[in-house]
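# give me the fold of what follows.
(chains A and B)
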Amino acid sequence: EPEVTQTPSHQVTQMGQEVILRCVPISNHLYFYWYRQILGQKVEFLVSFYNNEISEKSEIFDDQFSVERPDGSNFTLKIRSTKLEDSAMYFCASIGGLAPSETQYFGPGTRLLVL
Amino acid sequence: RKEVEQDPGPFNVPEGATVAFNCTYSNSASQSFFWYRQDCRKEPKLLMSVYSSGNEDGRFTAQLNRASQYISLLIRDSKLSDSATYLCVVNGIGNQFYFGTGTSLTVIP
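Have a look, this model is predicted:
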């Protein structure tokens, strides 16, 4: 069964450093997402990406965040200058389309710890 | 008002019990509704989509009430392996998806 993959599984970084989280969505999917989940809290939408541009973004997705699909397979989330409160699990997801029957498939997540 | 609201629980039920979870959503234009399950420190995994006519998958039954903007999940004959957090997910504006806080279920032997 096709799956979404994410690397790294864990990342520890110092406050103020840049991090890049990587995702490989399912190959024939069209919409890509990043979510974050702070420990003990709900899954929060960050951004969606379609046709090589941002489609929707939440208020969490400020200027410190950016996304890119550099090579047609990878989908990356960059945090330019990490803060302590960026510590969370970051999930990538992809979906084939937006019909009500379509569902999102999630990657296993990257656990980011900012010290 | 939150886009999706769920009772966080926890629900602690004995094996074999029937348990029901509820969820309400705020955007009347939402078209897609799902129940996901999330195990501790793992990614959400689709349990089932929720259709207007209601749908059943084995021991799991999902219902949608558009008039009340309410979604439910019923689990019959609970198994130990059903212990997890159950997430209600609804699409919102554009292609955003909103998650509830999740309802924690522990099935006790």
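
# centroid-nearest residue for chain A?
Centroid-nearest residue in chain A: residue A:34, 2.8 Å away (criterion: CA atoms, centre = their mean).

# for it, what are phi and psi?
phi -120, psi 140 (degrees, to the nearest 10).

# excluding residues flanking it in the chain, which one is nearest it?
Using CB to CB, 6 or more residues apart in numbering or on different chains and skipping residues adjacent in sequence, the residue nearest residue A:34 is residue A:46, 4.4 Å away. For every residue, glycine as well, the C-beta is placed using N, CA and C.

# mind checking which helix or strand that neighbour is in?
Using DSSP states H and E, residue A:46 falls within strand A:43-50.

# how far does that strand sit from its chain's centre?
A distance of 7 Å separates the centroid of the chain from that of strand A:43-50, by CA atoms, centre = their mean, to the nearest Å.

# show me the contacts for residue 23.
Because you didn't say which chain, this covers chain A. Counting by CB atoms under 8 Å, 6 or more residues apart in numbering or on different chains, residue A:23 makes contact with A:4, A:5, A:6, A:32, A:34, A:74, A:75, A:76, A:77, A:92, A:107.

# wait, I meant chain B there
B:4, B:5, B:6, B:70, B:71, B:72, B:73, B:88, B:90, B:100.

# pull the most distant pair out of these.
Set against one another by CB to CB, the contacts of residue B:23 have their most distant pair in B:5 and B:73, with a gap of 14.3 Å.

# how about the strands in chain A?
According to DSSP state E, chain A carries its strands in the segments A:5-7, A:10-13, A:19-24, A:31-37, A:43-50, A:53-57, A:65-68, A:75-79, A:88-95, A:105-106, A:110-114.

# looking at these, which is nearest to residue B:18?
strand A:43-50 (26.7 Å).

# strands paired with that closest one, and their directions?
According to DSSP bridges, strand A:43-50 has the following sheet partners: strand A:31-37 (antiparallel), strand A:53-57 (antiparallel).

# just the residues contacting the first one, thanks.
With CB under 8 Å, 6+ apart as the contact definition, strand A:31-37 has outside contacts at A:21, A:23, A:25, A:43-50, A:55, A:60, A:67, A:69, A:75, A:77, A:88-98, A:104, A:106, A:109, B:95, B:97, B:99.
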